[in-house]
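A.B. asks: Fold the following for me, if possible:
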Amino acid sequence: MNPPSAASGQPRNSPLQRLRQRMRQWWLAHLPSASSHAVSRRNLYLLPTRAGWMLALTLLVLLVTSINFQLNLGFLLTFMLTGAALVSVGIGYRNLLGLQLELHAPEAQFAGQPLRLDLRLDNPSRRSRYALGVRHYQGHELSLVDAPAQATTPMQLSTPAEQRGYQSLPAVLVETRFPLGVFRMWTVFRTTEKALVYPCPETNPPPLPLGLADAGAGSSASLRASSGEFDGVRSYRRGDPLKLVVWKKAATSLATGSGHFVVRDNQHQAQQDVWLDAQQCGLAEREAQLSRLTAWVVMADQQGLRYGLRLGSGHADQAADSGAEHRQACLRALALA
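C.D. replies: Residues are numbered from 1 along each chain as shown. This is a model prediction of the structure:
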């Protein structure tokens, strides 16, 4: 039997990498979370980089050689390089000290899509900050940015929306290796903000249940009149309020040059209300129901229909309505169902 290779599947992490990941997760869980983060001496950390360890080894060899052979120039070079390395620690320390970080919750997205995180680096100092690296704490891609003096630098990070509901935002790491790259100084910001994630819409959903009218309407309504238009839609009359104009059809009329506007007729509006019911969507599994209902909400909103939402299982119904606010209310109810 051949040993598993990286080409046959995902490469396995070594025991050392798994141990380091567990230690990071344990340490991150014990960090305090807040809405903003000010870099201070208590939350600023320091370790040598690989180049720093190589420099330390080189300095040790130079020191031993200078002692054995009594090389005055060797002592001078050793102490000069050591002093430069120690001074770089103070410069890099001040490069991060005093920065203020804020991470704002992104707009709600569907599961599987990226969440755009808005990070603000506020530099209240009179000196600029150079070569600041920003990334997720568990990530590997580093974005470098400079923070001008007494200015706010906006940045955007991306993280996948994993599952519906409220999702905690990942911790953000800000580091610097300025000026020599031999020491790495960093701070970790763990925010209290959360992002709302909608269910993932079904890929190929069935058509909308247009035959299902409101329970108070009695029977199912006919969706087309003899004129070929939808029931509850008529020609515009002088004095009709603008909120009743079907703007999607108006845009089409203007594009074709007909100039014919139509408005919704309130007398037939109750018969046009489409109800999206979890018990009548044809699926038994709960997550599949929510996925199909999400796709139907998006479709009904794109078509400019009035629709209501019934989730069952003790959840409150969303009354029939239309518009962007109603769409967000329905998607929010689906995300938290």
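A.B. asks: When you work out contacts or count neighbours from here on, use the C-alpha atoms and nothing else.
C.D. replies: Will do.
A.B. asks: now the longest helix seen in the chain: mean pLDDT?
C.D. replies: Longest helix in the chain by number of residues (criterion: DSSP state H): helix 72-96. The average pLDDT within helix 72-96 is 95.
A.B. asks: Then stretch 158-176?
C.D. replies: For stretch 158-176, the mean per-residue pLDDT is 93.
A.B. asks: Endpoint to endpoint, it covers what distance?
C.D. replies: 21 Å (Cα to Cα, to the nearest Å).
A.B. asks: quick revisit: who's in contact with the longest helix of the chain?
C.D. replies: 39, 59, 62-63, 65-66, 129-130, 175-180, 182-183, 185-186 (Cα atoms under 8 Å, 6 or more residues apart in numbering).
A.B. asks: Recalculate using a threshold of 7 Å.
C.D. replies: 39, 59, 62-63, 66, 129-130, 176-180, 183, 185 (Cα atoms under 7 Å, 6 or more residues apart in numbering).
A.B. asks: next SSE after it?
C.D. replies: strand 100-104 (DSSP states H and E).
A.B. asks: so what strands line up beside that next one?
C.D. replies: Strand 100-104 pairs in its sheet with strand 36-38 (antiparallel), strand 114-123 (antiparallel), by DSSP bridges.
A.B. asks: For my notes, please list the contacts of helix 72-96 in a markdown table and give distance to residue 143 and secondary structure for each entry.
C.D. replies: As requested, those are exported to a markdown table (distance: Cα to Cα, whole Å; DSSP: H, G, I helix; E, B strand; the rest coil):
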| residue | distance to residue 143 | secondary structure |
| --- | --- | --- |
| 39 | 19 | coil |
| 59 | 32 | helix |
| 62 | 36 | helix |
| 63 | 38 | helix |
| 66 | 42 | helix |
| 129 | 14 | strand |
| 130 | 12 | strand |
| 176 | 11 | strand |
| 177 | 13 | coil |
| 178 | 14 | coil |
| 179 | 17 | coil |
| 180 | 18 | coil |
| 183 | 18 | strand |
| 185 | 15 | strand |
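A.B. asks: Out of the residues you listed, which is nearest to residue 333?
C.D. replies: Nearest to residue 333 out of the contacts of helix 72-96 is residue 39 (Cα to Cα; 38.2 Å).
A.B. asks: Tell me how far that closest one lies from residue 191.
C.D. replies: Taken as Cα to Cα, the span from residue 39 to residue 191 is 14 Å.
A.B. asks: Residue 64 and residue 17, how far apart?
C.D. replies: From residue 64 across to residue 17, the span is 35 Å (Cα to Cα).
A.B. asks: residue contacts, the nearest residue to residue 98 once chain neighbours are set aside?
C.D. replies: Excluding the flanking residues, the one nearest residue 98 by Cα to Cα, 6 or more residues apart in numbering is residue 39, at 5.2 Å. Residue 39 makes contact with 96, 97, 98, 99, 100, 187 under the criterion Cα under 7 Å, 6+ apart.
A.B. asks: Need the residues you listed in CSV (columns: neighbour count and distance to residue 235).
C.D. replies: Output for the contacts of residue 39, formatted as CSV (neighbours: other Cα atoms under 10 Å; distance: Cα to Cα, whole Å):
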residue, neighbour count, distance to residue 235
96, 25, 65
97, 19, 66
98, 17, 64
99, 19, 61
100, 18, 58
187, 22, 63
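A.B. asks: Rebuild those residues as a markdown table, extending it with distance to residue 27.
C.D. replies: Shown next, in a markdown table, are the contacts of residue 39 (distance: Cα to Cα, whole Å):
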| residue | distance to residue 27 |
| --- | --- |
| 96 | 21 |
| 97 | 21 |
| 98 | 23 |
| 99 | 22 |
| 100 | 22 |
| 187 | 13 |
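A.B. asks: Among the residues you listed, which one sits closest to residue 303?
C.D. replies: Out of these, the member with the shortest distance to residue 303 (by Cα to Cα) is residue 100, at 45.3 Å.
A.B. asks: beta partners of the closest one?
C.D. replies: residue 38, residue 122.
A.B. asks: That one and residue 327: what is the separation?
C.D. replies: Distance, residue 100 to residue 327, by Cα to Cα: 36 Å.
A.B. asks: Could you do residue 206 as well?
C.D. replies: Relative to residue 327, and taking Cα to Cα, residue 206 is found at 19 Å.
A.B. asks: What are the boundaries of the helices in the stretch 151-300 of the chain?
C.D. replies: 247-256, 269-272, 286-302 (DSSP state H, counting those that start in this stretch).
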